[in-house]
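> I'd like to go over a predicted model; first the sequence, then the structure.
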Amino acid sequence: MSAESEAKELSVLVVMGVSGAGKSTIAALLAHRLGWTYEDADWFHPPANVEKMHYGHPLTDDDRWPWLEGIAAWIDATRCAGGHGVIACSALKHAYRDVLIGDRPWVRLVYALTTLSKSLLRSSDPDQRTIEHNQRCRG
């Protein structure tokens with residue numbers, strides 16, 4: 001399959017990354033740019049998970065399976081409706097990505113990797129941002 005025909009078949013992008021990597025911002029901007037639907041995986045948590053997280057209790061894999069299945073159902077519904085979407089989701093474990101991507105060749109994973117410091121991102125001086133970014137990229 002050519003890259004062009006593969007791109008035509010693409011329906012959903014899953015933007016994944018650790019907490020604070022900017023995946024929600026990246027996914028929202030990407031969806032806006034593409035004219036696709038944006039979703040955040042956090043919106044799919046059942047009330048029991050939300051309550052658990054509210055009290056600072058970590059989620060277990062057993063807590064996460066229904067959440068991941070809900071996201072996978074949204075991915076399938078988006079495809080079946082002929083739509084396109086971008087979703088921000090941590091999806092850090094391979095097993096989680098298997099649920100989301102599985103045998104769906106029309107889903108792509110985008111890894112959000114932010115290497116810039118918070119002070120750099122808050123800087124109002126675009127020249128300083130460029131200089132610091134270039135220095136970090138060079139190693």
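Here it is on my side, so go on.
> would you list every one of the strands in this structure?
Taking DSSP state E, the strands of the chain run over residues 12-16, 37-40, 85-88, 107-111.
> and G56, which of those strands is closest to it?
For G56, the closest of the strands of the chain is strand 37-40, at 20.6 Å, according to C-beta to C-beta. No exception for glycine: its C-beta is placed from N, CA and C like everyone else's.
> for the closest one, buried residues please.
Within strand 37-40, the residues that count as buried by 16 or more other C-beta atoms under 10 Å are Y38, E39.
> strand partners of that strand, parallel vs antiparallel please.
Strand 37-40 pairs in its sheet with strand 85-88 (parallel), by DSSP bridges.
> residue contacts, R97?
In this structure, R97 makes contact with V14, M16, A91, L109, judged by C-beta atoms under 8 Å, 6 or more residues apart in numbering.
> does the first one touch L92 like I think?
So the one you mean is V14. No - V14 is not in contact with L92 according to C-beta atoms under 8 Å; the separation is 11.8 Å.
> mind checking which of those two has more residues around it?
V14 (24 against 12; other C-beta atoms under 10 Å).
> and that one, what pLDDT?
As predicted, V14 sits at a pLDDT of 97.
> ok, E69 next?
Looking at E69, the pLDDT reads 96.
> C80: how many residues sit nearby?
9.
> could you check how far it is from H32?
Separation of C80 from H32 (C-beta to C-beta, to the nearest Å): 23 Å.
> cool, and P105?
Counting by C-beta to C-beta, the gap from P105 to H32 is 25 Å.
> repeat for D103
For D103, the distance to H32 - C-beta to C-beta - is 29 Å.
> so between those two, which is more surrounded?
H32 (11 against 6).
> just the helices in this protein please.
For the chain, helices defined by DSSP state H occupy the ranges 3-9, 23-34, 47-54, 61-80, 94-101, 118-122, 126-138.
> show me where pLDDT drops low in the protein?
Along the chain, the parts satisfying pLDDT under 70 run over 1-8, 114-139.
> cutoff 80 now
Counting by pLDDT under 80, the chain shows low-confidence ranges at 1-8, 113-139.
> if you skip the residues just before and after it, what's nearest to N49?
Take N49 and drop its neighbours on the chain: the residue closest to it by C-beta to C-beta, 6 or more residues apart in numbering is D63, 5.5 Å away.
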